[in-house]
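# Next come a sequence and a model predicted from it.
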Amino acid sequence: MRATAQWLHKMAADSEPESEVFEITDFTTASEWERFISKVEEVLNDWKLIGVSSGKPLEKGVYTTGIWEEKSDEISFADFRFSITHHYLVQEASYKDGKEELVEDALPLSMQDLLCMDNDFPPRAHCLVRWYGLREFVVIAPAANNDAVLSESKCNLLLSSVSIALGNTGCQVPLFVQIHHKWRRMYVGECQGHGVRTDFEMVHLRKVPNQYTHLSGLLDIFKSKIGCPLTPLPPVSIAIRLTYVLQDWQQYFWPQQPPDIDALIGGEVGGLEFGKLPFGACEDPISELHLAATWPHLTEGIIVDNDVYSDLDPIQAPQWSVRIRKADNPQCLLGDFLTEFFKLCRRKESTDEILGRSTFEEDGKEVADITHALSKLTEPAPVPIHKLSVTNMVHSAKKKIRKHRGVDDSPLNIEVLNTIMLFLFPDAADKLTNGSEARPSTSRNNPPPESEEYNLYSQFKSAPSDSLTYKLALCLCMINFYHGGVKGVAHLWQEFVVEMRRRWEKNYLIPGLANGSPDLRCCLLHQKLQMLNCCIERKQARDEGKKTYTSDRSPSGSSCDTGKAVVRSGGDYQKETEKERGEVGKSWESWSDSEEEFFECLSDTEELKGNGQENGKKGTKEGSKESANLKPEGRLHPHGKLTLLHPGEPLYIPVTQEPAPMTEDLLEEQSEVLAKLGTSAEGAHLRARMQSACLLSDMESFKAANPGCCLEDFVRWYSPRDYIEEEVVDEEGNRVLKGELSARMKIPSNMWVEAWETAKPVPARRQRRLFDDTREAEKVLHYLAVQKPADLARHLLPCVIHAAVLKVKEEETLEDIASVKKIIKQIISHSSKVLRFPNPEDKKLEEIIAQIMSAEAIIARARSLKAKFGIEKCDQEEEKEDLERFVNCLLEQPEVSVIGAGRGPAGSIIHKLFVNAQRMTESSDEVATMTSLDEELKRSGSSDERRLNLGAVADFPPPAGRELILRITVPRPAPYSKPLPQRMYSVITKEDFRLAGAFSADTTFF
């Protein structure tokens, strides 16, 4: 028993440590590496890249002209994130029915693309497309820009993952992994097919090995890498491209001359004529010309290229192609003008702060600011009211301006200022010569042209191109750029405001503005100037006491129907005796800018209400009888054959007041006031009364001109559609016309009926003015005076953009560039959407300016290239057209083939450009004796003769880049293996050496 107990105790002791260290390792759980492979396979399945790939043969140049697309996803290896991207050329769907007929052991498309020679050296494509000629591939790269796969073990791990994923899915699309830092563009990859595999390898060095700078050394690398056991080896197919860079342009090849600042005052047209924006680049917008000489189909043994001798003469190359390198952000005049003017919009200073003078002060007196003029007028004062008039305040303020301003302190030169003012106000020259006012007729009486360019202002909400506002915008733009910047702008604007006030006080119309009410399609500043002109016209009509009225002036519009035939006037056209004037009140002609400025006749509202109620009680017939005894006043002329319904006398059209013109800000204010009245019955009634002021005025004028009339008579003239006439049979059996008011006129509490009952027979000359021109003019002048340069720039920026677009269109018509036409359409469309609303976003305005600068740069490049290629000096018309077509293609396409290579018209010019550049760099002393371009073009001869003529100087500099593609189809790795395509791409520059090889091997017979 004791022995048994000891044995059990020993067993328990032995079992305790085993229970503590017992652990089961599950080798069926997936590792991070396996998860990564699974994710790659999942993405390839989602993109349907599994199985045999099929496609039609590629057309020549399709890599450049075709559409490339890509789709991306994100995968991770443990906590390291990768992006996987599928790049592919969009092609028409291949014949799916023929897919089953494909031979099982057919080569994958990527291997077939390795041997395709129709798309070597594409000018615009992914680097792997240029190096390997692939139409489709997948790239796995670190997701973050600063991440990189640097260690060799990690590179091999990723490559193994790729190989397993391709084998498991049967995907035949090449799969690459980006290694090392991204700027090196290093890729390794693999492509698998049925029994075949292609390995994509790469070498990248910063220093070029001397033995590999030529064809013979690269052939040695290629052959050694293939390791083909066949002897002799089939000849290697070779494609070579040498790139030459031309940087040293001749000075006379650039036509744009810097603008002459001094030419402005001298009256020369030049680039700085006021009213015209400058255009063109101040520096050559073409920095380099790259010439690529290509030998597309060579065979090993045909040419020699080693470290001692080379047969690769670019003149003898069968293919030439040219691309241009554009200067980064070339300085262009129009773009600079727009940019500098746009910067004004961000300024915060007022005009007085910029000009460095305080508000108008006097010692011991309180400030008398122009902006307080209106409030001063309304303040009670013991002094006579005329001493507080706006005119006196402005005169005193202007005296203080001149007192504080010194001649030397003026930002603008007096000659420049005079030139601008005469440009803006051409009628001032007539006043100076004649000593009296000359009514401005420049562009005021001319009908606006119907051209699309002229009507752009309605899309841009700017101003017509012949208007004062448009000219002012151009002048301010030029002053801002050339004459003092924001200080010059503030100075000119101050002078402009002073001139506006002078014209208002002297009754001089403002030139460059269309007749009539403010045009709401234009910018607000233009509307304000038009409003001021309307005020001046009304003031002239009163002060001059016009006795006649032009019959061709159309009504300014009304809320009534179009049937209304009314001619409005602001004056009295019937003679009255002094006795009559004293009885009924002051005439229209007696109104002036003195204390009677705000004369309002019959302003007692209680009297109006009382009379209205009395008239309502008496009824229409009684009112007609009493008013029939009144003397008719304010008649214009009879209205055809119409007669009054009750007295039967002829119906006369009255002289009426014109409705008050409104700018968009006033309309907005009026809308806000009407909206605040609410939807109650009282609010609606008050709103209707406010809107019927013009209707009431016309009714009073009609009653005064037609004593004894009724509402039906007024409606027959004012709104004929609301008077319905029907033929009826009377008691005697005769057919007669019987009329009555329309249904809407019979509605109870109708606004027209109420207004008619309220209206008194008062002619227009004695009515309260619907439009107080004095008050509105002072409001406009105050608005102009308080504008900051930034506000002014915001108002006028649409005009400047409008002018810039017209300038670009004008310059484009001389060059006929398709891309610029497209950009102009985009600018107009974009600007129409952005500028239509007030206060557009700065970002959107910057986009519009950038588009204009882009169009200007393209036109400047076209002119630069035309000058360099001597198109204008070309005598033969056919050759000139070919050169123009070639230059336009250079602007539109990334790379352009030169017809005839070095022997064609364009090729000859390019050759001479290189020759001249070589001679200039060889010796500066030879520049003076250098043969001109025209003489060089006429010379001909072989390459050796040219070298003799030019001495020891070579025609071309050493190539800036060498690209070679070596191809061959041989069995690998054994002689009995399947013959497969092998390819190696090499690019050699001054500080870069890269080899990109695609080496295929047979995985079945090896």
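Good, I have the coordinates.
# secondary structure class for residue 499?
Secondary structure assignment for residue 499 (DSSP: H, G, I helix; E, B strand; the rest coil): helix.
# who's in contact with it?
Residue 499 makes contact with 421, 425, according to C-beta atoms under 8 Å, 6 or more residues apart in numbering. (Glycine included, C-beta is placed from N, CA and C.)
# Residue 425 versus that one, what's the distance?
Distance, residue 499 to residue 425, by C-beta to C-beta, to the nearest Å: 7 Å.
# shared neighbours, the two?
By C-beta under 8 Å, 6+ apart, no residue touches both residue 499 and residue 425.
# Quick check: mean pLDDT of the helix or strand where residue 779 lies?
Here residue 779 sits within helix 773-785, counting by DSSP states H and E. Averaging pLDDT along helix 773-785 gives 90.
# elements contacting that helix?
helix 373-378, helix 485-506, helix 524-544 (3 or more C-beta pairs under 8 Å, 6 or more residues apart in numbering; DSSP states H and E).
# and residue 507, how many residues sit next to it?
Residue 507 has 14 neighbours, counted by other C-beta atoms under 10 Å.
# Could you give the number of residues near the closest residue to it other than its chain neighbours?
Closest residue to residue 507 apart from its sequence neighbours, by C-beta to C-beta, 6 or more residues apart in numbering: residue 540 at 5.1 Å. Neighbours of residue 540 under the rule other C-beta under 10 Å: 16.
# Residue 540 and residue 457, how far apart?
Going from residue 540 to residue 457 by C-beta to C-beta gives 27 Å.
# How about residue 138?
54 Å.
# Likewise for residue 312?
Distance check for residue 312 against residue 457: by C-beta to C-beta, it reads 60 Å.
# Between these two, which is the more surrounded one?
For residue 312 versus residue 457, neighbours defined as other C-beta under 10 Å are more numerous around residue 457 (24 against 18).
# just how off-centre is the helix or strand hosting the more buried one within its chain?
In the assignment (DSSP H and E), residue 457 maps to helix 456-460. The chain centre lies 14 Å from the centre of helix 456-460; the measure is C-alpha atoms, centre = their mean, to the nearest Å.
# Going by neighbour count, which residues in that helix are buried?
Residues 456-457, 459-460 are the ones in helix 456-460 that count as buried (16 or more other C-beta atoms under 10 Å).
# avg pLDDT for that helix?
The model assigns helix 456-460 a mean pLDDT of 86.
# After it, which helix or strand is next? Please name it.
Once the chain leaves helix 456-460, the next helix or strand it forms, by DSSP H and E, is helix 468-482.
# Could you check the angle that next one makes with helix 485-506?
With axes from the mean of the first three to the mean of the last three C-alpha atoms, to 10 degrees defining the directions, helix 468-482 sits at 150 degrees from helix 485-506.
# Just the mean pLDDT for helix 468-482, thanks.
Computed over helix 468-482, the average pLDDT equals 90.
# All the helices of the stretch 301-450 of the chain, in order from the start?
For the stretch 301-450 of the chain, applying DSSP state H, counting those that start in this stretch gives helices covering 333-343, 351-355, 373-378, 390-404, 414-424, 427-434.
# Likewise for the stretch 1-150 of the chain?
2-21, 32-46, 62-65, 109-114, 127-132.
# Now the last one: buried residues?
Buried positions in helix 127-132, judged by neighbour count with 16+ other C-beta under 10 Å: 128-132.
# mind checking the end-to-end distance for stretch 971-980?
6 Å (C-alpha to C-alpha, to the nearest Å).
# now that stretch: mean pLDDT?
89.
# That one: which residues count as buried?
Going by neighbour count (16+ other C-beta under 10 Å), the buried part of stretch 971-980 is 971-972, 977-978, 980.
# Kindly report the same for stretch 900-912.
Burial within stretch 900-912, assessed by neighbour count using 16+ other C-beta under 10 Å, is assigned to 901-902, 904-912.
# so how far is that stretch from its chain's centroid?
A distance of 38 Å separates the centroid of the chain from that of stretch 900-912, by C-alpha atoms, centre = their mean.
# before we move on, what about stretch 694-711?
Stretch 694-711 sits 53 Å away from the centroid of its parent chain (C-alpha atoms, centre = their mean).
# In terms of helices and strands, where is residue 178?
The secondary structure element spanning residue 178 is strand 175-179 (assigned by DSSP H and E).
# so how many other residues sit close to residue 644?
Residue 644: 20 neighbours (other C-beta under 10 Å).
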